[in-house]
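Student: Everything below, folded, please.
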Amino acid sequence: MQFRQQALARLQSPEELDLPVRFARPQGWLVLSVTVVAMAAASVWALTGSVSSTVGAPAVLTYGQGSYVLQSPVAGQVTAVLAKEGERLPAGSPVLKVRTERGDEIVRTLDAGRITALAAGSGQIISTGANVAAVEKVARAKTPLRATVYVPAESAAGIPAHAPVDLTVQSVPSQEYGVLRGEVTSVGRSAQSARQIAAFLGDAQLGEQFTKEGRPVAVTVELERSSGTESGYAWSSADGPPFELTSMTLATGSIRLADRRPVDWLLP
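Tutor: Numbers count the residues shown, from 1 in each chain. As a prediction, this is how the structure comes out:
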């Protein structure tokens, strides 16, 4: 009987239009308002904002012209070493005296530069084409250092002109002295092989090391100068390290890539 009365009541007012309806509580309106505002802000940021990213890669502090490996044009016994490591020499300067079957021969530098390493000593027997010295191509004492960063080829296209660069130098404690500041001056047009890198740096091991993950692109970085630091270059700290920097010092470069709009990331 009870169920029949309920059924008759429902037939008399099937839609219950005479009952008041509550659309939303005040707390619900607050949540809805916050959600709408957040979505609107995200839409504006996606259309007008930007996303920045960086790429990290191995780097070397060098002079602009790089280095070369001096090879002996003759075979024989080294009778005298005529140059010293660290010495700056003009082109054609004597480095070694070698006793050959035809008499004494002099091995000379090909280009002006500084002797960074000697691979032959007095009394040593060398063959034609043997590596006898590494020479850095720097003719002037005040030539500034630069950094060459070997960036993965897939990231090189996103590096803009004059992009800021932070260099973490291996011989400098970054927790105490910070990072070295620089700016991109040029980006290589093609990826480099291990042989090309070795020819520029005068070090075959670095050529192999920098190409383990593939052939990189060389990015040249001009270091920011500063008269207030011992090294002569700008650091993220006030003073930087209390010593000068030397060429062929290894570092890790962090280069800021071109900013991208967020909508480029969100949309396929």
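Student: Name the surrounding residues that touch stretch 153-171.
Tutor: Outside stretch 153-171, the residues within contact range by C-beta atoms under 8 Å, 6 or more residues apart in numbering are 55, 57, 59, 61, 147, 149, 151, 174, 179-185, 187-188, 191, 214-217, 219, 221, 223, 236, 245, 249-258. Backbone N, C-alpha and C define where each C-beta goes, glycine included.
Student: From the residues you listed, keep the buried residues only.
Tutor: With burial judged by 16 or more other C-beta atoms under 10 Å, the buried subset of the contacts of stretch 153-171 is 55, 57, 59, 61, 147, 149, 151, 174, 179-182, 184, 187-188, 191, 215-217, 219, 221, 223, 245, 249, 251-257.
Student: Mind checking which of the residues you listed land in helices?
Tutor: Ser174 (DSSP state H).
Student: ok so, going back, taking the contacts of stretch 153-171 one by one, which sit in strands?
Tutor: 55, 57, 59, 61, 147, 149, 151, 180-185, 187, 216-217, 219, 221, 223, 249-256 (DSSP state E).
Student: residues near Ser186, how many?
Tutor: 12 (other C-beta atoms under 10 Å).
Student: cool, Gly92 as well?
Tutor: 11.
Student: Strands along the stretch 51-200 of the chain, start to end?
Tutor: 54-62, 67-71, 76-81, 88-89, 94-100, 103-108, 113-118, 125-126, 131-136, 146-152, 164-169, 180-187 (DSSP state E, counting those that start in this stretch).
Student: packing partners for the second one?
Tutor: In terms of contacts (3 or more C-beta pairs under 8 Å, 6 or more residues apart in numbering; DSSP states H and E), strand 67-71 is packed against strand 113-118, strand 131-136, helix 194-201.
Student: chain center to the second one, what's the gap?
Tutor: Offset of strand 131-136 from its chain centre (C-alpha atoms, centre = their mean, to the nearest Å): 26 Å.
Student: Pull up the pairing partners for that strand, direction included.
Tutor: Strand 131-136 sits in its sheet next to strand 67-71 (antiparallel), strand 113-118 (antiparallel), going by DSSP bridges.
Student: ok, and what's touching the first one?
Tutor: Spelled out, that is strand 67-71. 95, 107, 109-111, 113, 116, 129-137, 199-203, 248.
Student: tell me the angle it makes with helix 194-201.
Tutor: 100 degrees (axes from the mean of the first three to the mean of the last three C-alpha atoms, to 10 degrees).
Student: List the contacts of Arg108.
Tutor: Arg108 neighbours (C-beta under 8 Å, 6+ apart): Gly92, Ser93, Pro94, Val95.
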